[in-house]
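Chemist: what's the 3D shape of this:
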Amino acid sequence: MTAADASTAEQIEAWFDDHGLPYFTGDRADTVEGWLSSKRIVAVIVLIIGVSVAAGFAVGAAWSDRGSLGTAVGVLTFFVLLGLFAGRLLQMGTMLRWAVRRTFSSLGLMFPLLTRALPLLLLAVTFLFINAEVWQVAALMPRHVLWLAVGFFAVIAAVFLLVRLPEEVREVEREVVGPRVVECCAGTPAEDAARLVSAEPADLPRFARVNLVLVLLFNQAIQVLLLSLGLFAFFLVFGSLTIPDSTIIAWTQQDAVTALPSRLGQHVPITNELWQVSVFLSAFAGLYFTVYAVTDETYRSQFFAGVSTELEQAVAVNAVYVSLTREPS
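Modeler: Next comes the predicted model:
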């Protein structure tokens, strides 16, 4: 590799990092693959499970009358430790930062997408919001059980996305061929090199494809989170204005409503029941929106029209990068 090619390759690697694509750099992907294919990963997972189980048993023993609290603590500990490990080894923080930057820099493009799903979504969840059975279930849940339910909704939504997103990545791979490589490299550090090297994209390596799927997953997840937070605020305001305490008491069959058990409850006139129902239904709405985004063809085409440019650039720049690093000195 010439000095000019080496400089271009370094700029491309920096571009990969800036766009949440750490696995596109060969040595990093090799490091991750080496970890995941070794026995060390099994030891780490076993250690995480052991610590989580121990934490759950400890909490369950301390509060023997609230066994489900121990389960919640164990599950939370597992996901926190797994997240820290994945963030460090798998460099998911790089992907998440890019997804956050992209989402907030394109809020104007996101609102037209959301308005396709919002009318039917609001109709469905508002009907549930004034349903007595929903209040009896969600308002009377122990707080840790509520967060377990929210986590369950999040896991199901992630599974729906992970089933669909690899297909979208493969479609983009098939589109970037021939002259499209040079076109897609415009505005990137690989723009000049794309005209000089023979860069014909082959199938992406396994971890590069995983990288693109994770970037899309984080991007979609942030949109779902913003939608859920907006609906959560809507439920709080709507419930405060339209549902009196007497109605909540009748629906939940309690003697009285309870105050929000936090410092926030001292300053905000919101009952604990309203808070819990709002959290539960906003999480359910996030799952509903995720399923809609996966199954509705029009929404998918509009959403991926916004990110396909980034995906095509990633595939094309990777082709140039591989060509540069493989060419003899």
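Chemist: any stretches of the stretch 1-150 of the chain with poor pLDDT?
Modeler: Low-confidence segments of the stretch 1-150 of the chain (pLDDT under 70): 1, 26-38, 63-68, 88-89, 106-117.
Chemist: for residue 48, which non-adjacent residue is closest in space?
Modeler: Leaving aside its sequence neighbours, residue 48 sits nearest to residue 81 (CB to CB, 6 or more residues apart in numbering; 4.6 Å). Any C-beta I mention is one placed from the backbone N, CA and C, and that applies to glycine too.
Chemist: now do the same contact list for that neighbour.
Modeler: 48, 51, 52 (CB atoms under 8 Å, 6 or more residues apart in numbering).
Chemist: which element, helix or strand, includes residue 165?
Modeler: Assigned by DSSP states H and E, residue 165 falls within helix 143-175.
Chemist: buried set for that helix?
Modeler: Buried residues in helix 143-175, counted by 16 or more other CB atoms under 10 Å: 144-150, 153-154, 157, 160-161, 164-165, 168-169, 172-173.
Chemist: how about stretch 54-61?
Modeler: In stretch 54-61, counting by 16+ other CB under 10 Å, buried: 55, 56, 59, 60.
Chemist: hang on, the last one is in a helix, isn't it?
Modeler: Yes: assigned with DSSP: H, G, I helix; E, B strand; the rest coil, residue 60 falls within a helix.
Chemist: host element of the nearest residue to it once chain neighbours are set aside?
Modeler: Spatial nearest neighbour of residue 60, chain neighbours left out: residue 70 (2.7 Å); criterion: CB to CB, 6+ apart. Here residue 70 sits within helix 67-89, counting by DSSP H and E.
Chemist: then residue 322?
Modeler: helix 297-326.
Chemist: other SSEs contacting that helix?
Modeler: If you count contacts as 3 or more CB pairs under 8 Å, 6 or more residues apart in numbering; DSSP states H and E, helix 297-326 packs onto helix 3-18, helix 107-129, helix 143-175, helix 180-184, helix 191-196, helix 206-242, helix 272-295.
Chemist: with distance to residue 100 added, can I get the ones you listed in TSV?
Modeler: Listed next are the helices and strands packed on helix 297-326 as TSV, based on distance: least, CB to CB, whole Å:
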stretch	distance to residue 100
helix 3-18	13
helix 107-129	12
helix 143-175	17
helix 180-184	24
helix 191-196	26
helix 206-242	6
helix 272-295	17
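Chemist: out of these, the one nearest residue 309 is which?
Modeler: Shortest distance between residue 309 and those, using CB to CB, is found for helix 180-184: 7.9 Å.
Chemist: alpha carbons only: can I get stretch 223-241 in CSV?
Modeler: Extracted in CSV, the C-alpha atoms of stretch 223-241 (Å, rounded to 0.1, in the frame of the first residue of the first chain):
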residue,chain,number,x,y,z
GLN,A,223,-37.7,6.8,17.1
VAL,A,224,-39.9,4.4,19.0
LEU,A,225,-38.6,5.8,22.3
LEU,A,226,-39.4,9.4,21.3
LEU,A,227,-42.9,8.3,20.2
SER,A,228,-43.4,6.5,23.5
LEU,A,229,-42.3,9.5,25.6
GLY,A,230,-44.6,11.8,23.6
LEU,A,231,-47.5,9.4,24.2
PHE,A,232,-46.6,9.1,27.9
ALA,A,233,-46.8,12.9,28.2
PHE,A,234,-50.1,12.9,26.3
PHE,A,235,-51.6,10.3,28.7
LEU,A,236,-50.5,12.2,31.8
VAL,A,237,-52.1,15.5,30.5
PHE,A,238,-55.2,13.8,29.1
GLY,A,239,-55.8,11.8,32.3
SER,A,240,-55.2,14.7,34.6
LEU,A,241,-57.8,16.8,32.7
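Chemist: before we move on, back to that, let me see the contact set for the residue nearest to residue 60.
Modeler: By CB under 8 Å, 6+ apart, the residues touching residue 70 are 56, 57, 58, 59, 60, 61, 63.
Chemist: number of nearby residues for residue 299?
Modeler: Residues contacting residue 299 under the criterion other CB atoms under 10 Å number 17.
Chemist: from residue 85, how far off is the closest residue to residue 172 other than its chain neighbours?
Modeler: Closest residue to residue 172 apart from its sequence neighbours, by CB to CB, 6+ apart: residue 311 at 4.3 Å. To residue 85, residue 311 is 27 Å away according to CB to CB, to the nearest Å.
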